[in-house]
Structures are given as C-alpha cells and as structure tokens.
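In: Quick one: sequence plus predicted model below, questions after.
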Amino acid sequence: MSAPDLSLLGKRRLGPMFVVQFLGAFNDTLLKFAMLFLATYTIYAAAPHKVDMLATIAGGVFILPYFLLSALAGQFADKWDKAWLVRAVKLAEIGIMTLALAGFALQSVPLLLSCLFLMGVHSTIFGPVKYSILPQHLKPNEVMGGTGLVEAATFLAILSGQLLAGAIKPWEAGLVAIGLAILGFAMSFAVPAAPSVNPGLRIERNVFRSTWEILAVAKAGRGVWLAILGISWFFAVGTILLTDFPSLVSGTRVPARRPRKRKSASRISWTGSPKTRSARSRSRAMTSTGCIKIPTRASTPSRQRPTPPWWTSFVRRTSPLPTKIPVPATGSRSC
C-alpha cells in the first residue's frame, strides 16, 4: 500500500498494539532522561565530567541487552503466544518502574542504572514480538502500513518522553512512568491472540551462539544485511545525539534580571553638560541656608554625559538670564 491506513488505529487488530508500543517506548525514554537530568542538575551539578561519563554508561547499559538477548527474544516470539508475551512484558514493566521511583526518591544512580538495564531487557524481548505479530493480525496489503504506524509511534514516544523528562521533577517522572505502565498492561489484554508459529522450537540458551547463528543467516541475504546495517547506524547516531544533549545544555543558564537601583535623593538630574545648564536650574540648587548643593563624586551619574547639541552654544549666547550665581559672603552660615 502507498500510505498507512489510519483507520487501522481504531481496530483491535492494530490499535491496542499501537498504544502498548507507544507507552513502552515513552517509559524507556522518560526513565533514561529523568535519570540524566537528575544527575546533571542535582547529584553531579558541581562535577560536569561525571555527567558526561554517566550519559555514556547509561547509553551502553540500555543498549547492551539488545546485543546479548535479541536472538533469544526472537526464539521466544516464535515459540510462545505473542499476546501472552506482551502481557508478561508489560507486567514486568510495572515492577521495573516501581523500583525506578524508589531510585528517584533515594537519588541512587546505581539503582536507576539497574532499572535502565531491565528496561533494555524489556524492550529487547518486546521488539521481535511487535513486528512478528503484525503479519498474524493484518492483511498482506496492510503489513507495510501497519509497520510504519508502529515505527511512527516509537519515534513520537521517544521525543515526547524526552520533553516530559525535562519539564517535571524526577520523582514525578517515576509516578508518571508507573501510571503509564499500568495503562499499558491493561491495554495489552485487548491485543488479540497470536498463536505460536513453531511450538516445538528448541531454544538455544547460549546467547553468543544464537547471536552468531542469526548474524550468519542475515548476512546470507544481501538485502536483509544492508537493512540491518542501515537501521543500526541510524539508531546509533540518534542515541549518541540524544544521550549527549543533557551534558551539552548543563552549563547554560538563563541570567536573572538584576533589580534596578533607585536613585538617591542627593543625585541631581542632569539634562546636559554643566556648561549648558541654565541659570534658573542652578538657582534651584540653592539651599535654605544660601549654600549651593554641589553633587559629590558618588552622586554623579557614572554613565558618560551626552554631548550637547549644536544649538546650545547659540542659546548660551542669546540667553538673557544671568550666567553667574551669587556666592554667599564670608560671614554667612557655612554648609
């Protein structure tokens, strides 16, 4: 089909799976970035180099299960009912997010990294299920569009989870994650049954051997192998950029606006240079004792006085007002 059929989202064949996939990917990203923001602005606020190291470790911890358990997860999807696997994975997600909430409350980085690793295992097992279940529920001309909608849900969830992690507090992110995990588990019961395609499959427990066998099969088909390399490169670049984002913005702060200082009563308002002030304004500086209130250096404005305009010299020559101020006699009262 040329374009995804959006009406599939309202049908049980794809709608529940779409929501379950969205909520799972959202929680993955929310947990990861809430932990990174907690470390960046709270735990390691005075040590930015530790934030960079934690971001690298967090990315590796989350991706590690994909390398080790992908082949094993594919065997699970072939051997058991996929709808049952979806419910089991979503039930485990509730427990993982509960541990994550405890990690946010205790501000424990090791506990949060452990939860991130478990979420990586969760996503690794769920990955083969969400793709292999579509051909069992959709028609042949709907598989391509359905796969596109599931991928769209994944990327939309990644962006949304990152934005929410930066907008709320870490412990609030833990509560949101638990609520979404419960909602995903409830929605998983609406996923139709998807019976096993190979019930008698013998599961290879050696993860290294099973991984090598899968890679050998994929490399035999040039199109499949190139597709795997392209997708892997795309996700690698995206993971690097998103993981380094908190450390890049950790040093940026919005400068606070300084309150304006009130002018003191002794400061005189200057309308021009001293030479251009009129005699009338000078006479106002006389105090009741007959003394002149001379501005001190502290009360003089620190900013540079403006250059008098060209017409001030003409006004000064033609002004009828006196240009000198009478000075009090020697015997008068001093200031």
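Out: Alright, I've got the coordinates.
In: Sort out which residues of the helix or strand harbouring residue 52 are buried, please.
Out: Taking DSSP states H and E as the definition, one finds residue 52 inside helix 48-79. Neighbour-count burial for helix 48-79 flags 50-52, 54-55, 58-59, 61-63, 65-66, 68-79 (criterion: 16 or more other C-beta atoms under 10 Å). The way it works is simple: take the backbone N, C-alpha and C, and place the C-beta from them, glycine included.
In: Name the spans of this structure whose pLDDT lies under the cut-off.
Out: Along the chain, the parts satisfying pLDDT under 70 run over 1-4, 242-335.
In: so how far is the helix holding residue 52 from its chain's centroid?
Out: 21 Å (C-alpha atoms, centre = their mean, to the nearest Å).
In: Report the buried residues of the very next helix or strand once past that helix.
Out: Following helix 48-79 in sequence order, the next helix or strand is helix 82-106 (DSSP H and E). Using 16+ other C-beta under 10 Å as the test for burial, helix 82-106 gives 82-90, 92-94, 96-97, 99-101, 103-104.
In: Show me what the next helix or strand after helix 82-106 is packed against.
Out: Per DSSP H and E, the first helix or strand lying C-terminal to helix 82-106 is helix 109-132. Contact analysis of helix 109-132 by 3 or more C-beta pairs under 8 Å, 6 or more residues apart in numbering; DSSP states H and E lists helix 15-38, helix 48-79, helix 82-106, helix 143-167 as its packing neighbours.
In: re earlier: for the helix holding residue 52, packing partners?
Out: With contacts taken as 3+ C-beta pairs under 8 Å, 6+ apart, helix 48-79 sits against helix 15-38, helix 109-132, helix 207-220, helix 222-249.
In: Adding distance to residue 177, write those out as a markdown table.
Out: Shown next, in a markdown table, are those (distance: least, C-beta to C-beta, whole Å):
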| stretch | distance to residue 177 |
| --- | --- |
| helix 15-38 | 5 |
| helix 109-132 | 10 |
| helix 207-220 | 28 |
| helix 222-249 | 18 |
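In: Out of those helices, flag the one nearest residue 168.
Out: helix 15-38 (8.1 Å; C-beta to C-beta).
In: Next, the buried residues of that closest one.
Out: In terms of neighbour count (16+ other C-beta under 10 Å), helix 15-38 has its buried residues at 15-38.
In: Count the neighbours of residue 217 for me.
Out: Using other C-beta atoms under 10 Å, residue 217 has 11 other residues around it.
In: any idea how far residue 58 is from it?
Out: Residue 217 is 32 Å from residue 58, where distance means C-beta to C-beta, to the nearest Å.
In: Repeat that for residue 101.
Out: Going from residue 101 to residue 58 by C-beta to C-beta gives 18 Å.
In: do residue 161 as well
Out: Counting by C-beta to C-beta - residue 161 and residue 58 are separated by 14 Å.
In: wouldn't residue 123 be in contact with residue 24 here?
Out: Yes: using C-beta atoms under 8 Å, residue 123 is in contact with residue 24, at 6.9 Å.
In: Quick one: classify residue 196 as helix, strand or coil.
Out: Classification of residue 196 using DSSP: H, G, I helix; E, B strand; the rest coil returns coil.
In: again, but for residue 191
Out: Following three-state DSSP, residue 191 is assigned to coil.
In: Enumerate every residue touching it.
Out: By C-beta atoms under 8 Å, 6 or more residues apart in numbering, the residues touching residue 191 are 16, 17, 20, 83, 86, 87, 133.
In: tell me the phi and psi of it?
Out: Dihedral pair for residue 191: phi -70, psi 130, per degrees, to the nearest 10.
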